[in-house]
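J.: Next one to model:
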Amino acid sequence: MRKIVAFTFTLLCAGAAHAQVDTVRATTLPPDQLAEKLYNSGVAKYNQKSYRAALLDFDKALAAKPEFAKAYYNRATTRYELQEYQPAVQDYDHAIQLEPTGTSYFGRAQAREALKLRDEAEQDYTKATELQAGYAPAWYYRGALRFEKADYQAARADFDQAIKADPTYAYAYHDRGSTQRQLGNYPAAIQDYTKALTLQPDLLPALLNRAATRRRAGDLKSALVDYNEYLNKKTDNAVAYSNRGATRYEAGDYQGAADDFSKAVALQADYAFAWNNRAAAYLKLEEYKKAADDANKAISLNPQYAEAYLNRGHAREMLRDAGGACQDWRKAAELGLEIGKTYAANSGCNGD
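T.: This next block holds a predicted model:
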C-alpha cells in the first residue's frame, strides 16, 4: 500500500519564493516479503499465547501469499489451541497438499482425535511415523490410540519406538508400563513405571499405577509404600484412598482399610465402590450395623451392585435378619454373583 506523498513549501530566501516538491518515495514490500513478515509476527504472538492476534497475522500472510505452507500449518496449530478443530483440519489439509511433512500429519491427527475421528487420526499418525521415524510423539500417540482399542501388543510396539526415538520420554515409559500390566507382565510394568518416575519424579500417575501393579503382583508391602508416598503428595484423590484401603484390607489391616474408605467417601459421597468396601471392612471388624448401613448406601447409589447385596446379606445374617439376608443373597445371584446362591442354600433360604 502506498503512503500519500506530502508536498511542502520552503522559503529559500528573502527574495522570490520557489516552490519545491519533496519527492521522498514510500516503498511497499513485495508480497513474499510481506507474507514472511506477517508470518513471523504471527509466530511471535502465538508464542505469547495471543492466539486470536496470531490468527489475524496468519490470515494476512496467506492473503499475501496463498501457497504459503508454513502459514497454513501454523494457522492450523493456532486454531487447534482455540479448539477450532474442524478449521484446523482444513488448514492441515492445505499444508499437507503444499508440503507433506510428518509434523503436518501429526498435527492433523491431533485435531482429528479431538473430533473423535480415531481411525483417521491413527492413519495420520502412521503417515507421520513413515515420514519422520525419529519423531517420538507420533509413535506415542498412535500407541495411546491402540491402547484404547485394547490392541496391547501393537501399542507396546509403538511405545517401544517412541522410547527408541527419545529415551527420555517419561510418558512413553509410563504408558508402556500400563500396556505391560494389561498383558500381565507385572515386573516389566513396574520397571517402566520406575523409569518414568526417575525421568520425571512429579509424574504421580506412575506412582499410583506402580502401586496398583505391585498389589496385583502380590507385593502388598511395596504397594503400600507407593500409596503412602502418593497420598502424602496428593490428598484429594478418592480413588487412591480406596485403592490403599483395598490393599490394607488384603494385608489384614481392616481398621486401616475402613479409615481409608472413610476418606474416600468424604471426598466423593457418591462413590458406591468405597461404601461397599467399607461395608466389607466393617464385616471383618464385626461392626455389623455399620456394615449394613454402608451396603445400603452403596445399593442406593447403584441398585445393580451385586457385591453390595452380598455384603448386606452377610450383615443382616449377623443382625439376625435371616429373611433379609436370604433376599439379598438371592438378589446378588440374580445380578450375576453365583456365590449368592451358595450362601442362600447353606443358610437354608427356602421360601424366605
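J.: Find the nearest non-adjacent residue to residue 244, please.
T.: Closest residue to residue 244 in three dimensions, ignoring its sequence neighbours and counting by Cβ to Cβ, 6 or more residues apart in numbering: residue 227, at 3.9 Å. (Glycine included, C-beta is placed from N, CA and C.)
J.: tell me the SS of residue 49?
T.: The assignment at residue 49 comes out as coil when based on DSSP: H, G, I helix; E, B strand; the rest coil.
J.: Next, count neighbours for it.
T.: With neighbours defined by other Cβ atoms under 10 Å, the count for residue 49 comes to 9.
J.: could you list every residue that touches it?
T.: Contact partners of residue 49, counting by Cβ atoms under 8 Å, 6 or more residues apart in numbering, are residue 81.
J.: ok, now the one 3 residues further on?
T.: Listed by Cβ under 8 Å, 6+ apart, the contact partners of residue 52 are residue 82.
J.: any idea which element it lies in?
T.: Of the helices and strands defined by DSSP states H and E, residue 52 is found in helix 51-64.
J.: which residues does residue 263 contact?
T.: Contact analysis of residue 263 by Cβ under 8 Å, 6+ apart lists 238, 241.
J.: try 6 Å
T.: With Cβ atoms under 6 Å, 6 or more residues apart in numbering as the criterion, the residues that contact residue 263 are residue 241.
J.: Also residue 260?
T.: Neighbours of residue 260 in contact, by Cβ under 6 Å, 6+ apart: 241, 244, 245.
J.: now swap in residue 169 and tell me
T.: When contacts are taken as Cβ under 6 Å, 6+ apart, residue 169 is in contact with 136, 162, 163.
J.: ok, and the most crowded of those residues?
T.: residue 162 (27 neighbours).
J.: Count the residues that sit near the residue lying closest to residue 265 once chain neighbours are set aside.
T.: Using Cβ to Cβ, 6+ apart and skipping the chain neighbours, the partner closest in space to residue 265 is residue 274 (5.0 Å). Residues lying near residue 274 (other Cβ under 10 Å) number 29.
J.: give me every residue that touches residue 274.
T.: By Cβ under 6 Å, 6+ apart, the contact list for residue 274 reads 242, 261, 264, 265.
J.: again, only using 10 Å
T.: 238-239, 241-243, 245-246, 260-268, 294, 297-298 (Cβ atoms under 10 Å, 6 or more residues apart in numbering).
J.: ok, now residue 157?
T.: Residue 157 is in contact with 139, 142, 143, 146, 151, 176, 179, counting by Cβ under 10 Å, 6+ apart.
J.: before we move on, what about residue 278?
T.: Contacts of residue 278 were listed using Cβ under 10 Å, 6+ apart, and they are 242, 245, 249, 257-262, 264-265, 271, 287, 290-291, 293-295, 297-298, 311.
J.: quick check: angle from the strand or helix carrying residue 41 to helix 51-64?
T.: The secondary structure element spanning residue 41 is helix 31-47 (assigned by DSSP H and E). With axes from the mean of the first three to the mean of the last three Cα atoms, to 10 degrees as the criterion, the two stretches helix 31-47 and helix 51-64 enclose an angle of 170 degrees.
J.: buried set for the helix or strand hosting residue 93?
T.: When secondary structure is defined using DSSP H and E, the element that contains residue 93 is helix 85-98. Judged by neighbour count (16 or more other Cβ atoms under 10 Å), helix 85-98 contains these buried residues: 85, 87, 88, 89, 90, 91, 92, 94, 95, 96, 98.
J.: swap in stretch 111-126?
T.: Of the residues in stretch 111-126, those scored as buried under the neighbour-count criterion (16+ other Cβ under 10 Å) are 111, 112, 113, 117, 120, 121, 122, 123, 124, 125, 126.
J.: ok so, going back, please pick the buried ones from the contacts of residue 274.
T.: Among these, the ones that count as buried by 16+ other Cβ under 10 Å are 238, 241-243, 245-246, 260-265, 267-268, 294, 297-298.
J.: Just to be sure, which of the residues you listed are found in helices?
T.: 238, 241-243, 245-246, 260-265, 267, 294, 297-298 (DSSP state H).
J.: follow-up on the earlier one: can you check what angle separates the helix or strand just after the helix holding residue 52 from helix 85-98?
T.: As assigned by DSSP H and E, the chain's next helix or strand after helix 51-64 is helix 69-81. What separates the directions of helix 69-81 and helix 85-98 is an angle of 160 degrees, with the same axes, to 10 degrees.
J.: can you pull the buried residues of helix 69-81?
T.: Of the residues in helix 69-81, those buried under the neighbour-count criterion (16+ other Cβ under 10 Å) are 69, 70, 71, 72, 73, 74, 75, 76, 77, 78, 79, 80.
J.: Low-confidence ranges, the stretch 1-150 of the chain, go.
T.: Within the stretch 1-150 of the chain, the stretches with pLDDT under 70 are 1-28.
J.: Can you give me the neighbour number for residue 249?
T.: Neighbours of residue 249 under the rule other Cβ under 10 Å: 21.
J.: nope, residue 42 is what I was after
T.: Residue 42: 27 surrounding residues under other Cβ under 10 Å.
J.: how close does the spatially closest residue to it that is not a sequence neighbour sit to residue 74?
T.: Setting aside the residues directly before and after it, residue 42 is nearest to residue 57 in space (Cβ to Cβ, 6+ apart), at 3.4 Å. In this view, residue 57 and residue 74 are 9 Å apart by Cβ to Cβ, to the nearest Å.
J.: and for these two, which residues touch both?
T.: When contacts are counted by Cβ under 10 Å, 6+ apart, the set common to residue 57 and residue 74 consists of 39, 42, 43, 46.
J.: I'd guessed the first one sits against residue 78; true?
T.: Looking back up the chat, that one is residue 39. No. Proximity of residue 39 to residue 78 does not meet the contact threshold set by Cβ atoms under 10 Å, at 11.7 Å.
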